[in-house]
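Q: 3D, please:
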Amino acid sequence: MFIDINACLILENGMRFFGCGIGVEGVVAGEICFNTAMTGYQEVITDPSHSGQIVTFAFPHIGNVGVNDEDMESSRPHLSGIVFKDFITPPSNYRSQKSLSDWLCQNKVIGISQIDTRYLIQVIRGKSPLKALIYHGKNFPDEEKVIGLKHQLGHEKDTLDKEFYRTIHQLRENFVAQNKQDQIKIVVLDFGVKSQTLRCLESLGCTVVLLPPLSPYETIMKENPKGVLYSSGPGDPRPISCHTSFTIQKLLQNKVPFFGICLGHQLLGLALGGVIEKMPTGHHGINHPVKDIESGKVEITSQNHDFILRQNSLPDTCQKTHYSLFDGTLQGIEMTNGPAFSVQFHPEASPGPQDSRWLFNKFINRVHQYAKKN
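A: Residues are numbered from 1 along each chain as shown. Below you'll find the model as predicted:
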C-alpha cells in the first residue's frame, strides 16, 4: 500500500517523526503528552483539560466507534493536535453518526499518523515535559523550514491566563439549568467542566447553575446554592489562584459544602497555602489505581493532569484521603473543620471506570447534612 508521507512531528529536543497527516492541513504546536486509554477517544479529544496539548494515543486502533453527539464532553475539540499509530479505523458501531476522520476535518483538528507511538511514548515518558509541533501539508518542509518551525516552539505560552478560562466557559453551548423547587441547587465554577460532571449532579436531583470560573464569592452566593463545585480544567493552576483563593477561603469560612475535581482540587490546595508542582510525566489515562485511605479499597480511576499538590505543604486542618498506587502522589484531601473535600482524579470518568462515582453522593450527603445545621 502506498503511504503518502506528508506530515512531520518535531519535538523541541530535535527529534523528528515523519508520517501521514490526518485532519486538516496546517501547523500546530503544544506540549506533547500521551493517553493510555483503550476507549473513549472522542471524550478525550473534547475534554477541555487537554487544551494546549498534543495528545499521543497509546492504543493503536482509533476510530472504530466513529463519533456521536452523546459522547461529547464539550461543544468541540480543545486539544492542539493528535498523534495516532495507524490510519483512522473506519467506524463499525451502531452508535456512530459520523466517521472520526470527517469529524476531525470538520473541527479543523491537525494530526499525524503512521508514527511509532510506542517509541515516541518512551521518549516522552519520565522526562521533563516536551513541546512539540505537527506540520501537515502538501508541500513538505525542507530543512530550512523545519528549523524555522522548531524555532516556533520557543515562543509557545507555557501557562493559560484567566481570559482563557473565561473563553472555555463561553464555549459551552446549550446548557440550561432545569430549576425545580424540590431540587438541590449546586453552583459549578466552570474552568472547563466535562458534560458528564453536570449529568452526574443532575442524576442526583440537583439543579446545576454554571458560573464563569473566576466568579467572586458574592456572585456565587447570590444564587443561594446548597453546595459549590470547582470543576476540572486545563493548565497550571498557579497563575489564576490569585483570583480564586480568596473566594475559596470565604466559602470555607462560611462552611459552604465544597467539592473540587482535578484543577478544582489543586485550587483548593493553593487556597489552603499548599504548593503545586509540575510532574515530569503527567497522568493521562483510565487505569490509574488509587487507594482510599478510610475504606482501604483500591479504585481504578480516570486521570488527566500534569500538576500535583504537594502533600506536606498543607495545614493540619487538611487530611489526605487518597493516594496513587503508581507513584504515591496525593490524590485526595478533606478538611477536618468543614464540609470541603477534593480529588485529583475524575470521579465522573467518561471515559473510564465508575469506581469513584460515589464521591458525588458523598458531596450531596454533605450538602444535606449542612443544610440541616443551618
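
Q: Quote the end-to-end distance of stretch 219-230.
A: 14 Å (Cα to Cα, to the nearest Å).

Q: What are the buried residues along it?
A: 220, 223, 225, 226, 227, 228, 229, 230 (16 or more other Cβ atoms under 10 Å). C-beta: built from backbone N, CA, C; applies to glycine.

Q: can you check stretch 55-63 too?
A: With the criterion 16+ other Cβ under 10 Å, stretch 55-63 contains buried residues 55, 56, 57, 58, 59, 62, 63.

Q: Looking at the residues you listed, which is nearest residue 250?
A: Within the buried residues of stretch 55-63, the smallest distance to residue 250 is 36.3 Å, found for residue 55 (Cβ to Cβ).

Q: OK, contacts around that closest one?
A: 32, 33, 34, 35, 44, 45, 79, 81, 82, 83, 284 (Cβ atoms under 8 Å, 6 or more residues apart in numbering).

Q: List the beta-bridge partners for the fourth one.
A: The bridge-partner assignment for residue 35, based on DSSP bridges, gives residue 57.

Q: What average pLDDT does stretch 363-374 get?
A: Looking at stretch 363-374 alone, the average pLDDT works out to 87.

Q: what separates that stretch from the chain centre, distance-wise?
A: Taking Cα atoms, centre = their mean, to the nearest Å, one finds stretch 363-374 lying 28 Å from the centre of the chain it belongs to.

Q: Could you do stretch 319-339 as well?
A: Averaged over its C-alpha atoms, stretch 319-339 has a centre that lies 19 Å from its chain's centre (Cα atoms, centre = their mean).

Q: quick one: terminal-to-terminal distance for that stretch?
A: With Cα to Cα as the measure, the ends of stretch 319-339 fall 13 Å from one another.

Q: mind listing what the residue nearest to residue 100 when sequence neighbours are not counted touches?
A: Nearest residue to residue 100, sequence neighbours excluded (Cβ to Cβ, 6 or more residues apart in numbering): residue 63, at 4.1 Å. Counting by Cβ under 8 Å, 6+ apart, residue 63 makes contact with 41, 88, 89, 90, 91, 99, 100, 101.

Q: show me the contacts for the residue nearest to the fifth one when sequence neighbours are not counted.
A: Think residue 91. Distances taken as Cβ to Cβ, 6+ apart put residue 66 closest to residue 91, at 3.1 Å, once the chain neighbours are dropped. Contacts were defined as Cβ under 8 Å, 6+ apart; by that measure residue 66 touches 91, 93, 95, 96, 97, 98, 99, 100.

Q: Let's see that with 7 Å instead.
A: Taking Cβ atoms under 7 Å, 6 or more residues apart in numbering, we find residue 66 in contact with 91, 93, 96, 97, 98, 99, 100.

Q: Check residue 54 too.
A: Under the criterion of Cβ under 7 Å, 6+ apart, the contact list for residue 54 reads 30, 32, 80, 81, 83, 132, 134.

Q: For the fourth one, grab phi and psi.
A: If I follow you right, that is residue 81. Backbone torsions of residue 81, given as degrees, to the nearest 10, read phi -160, psi 170.
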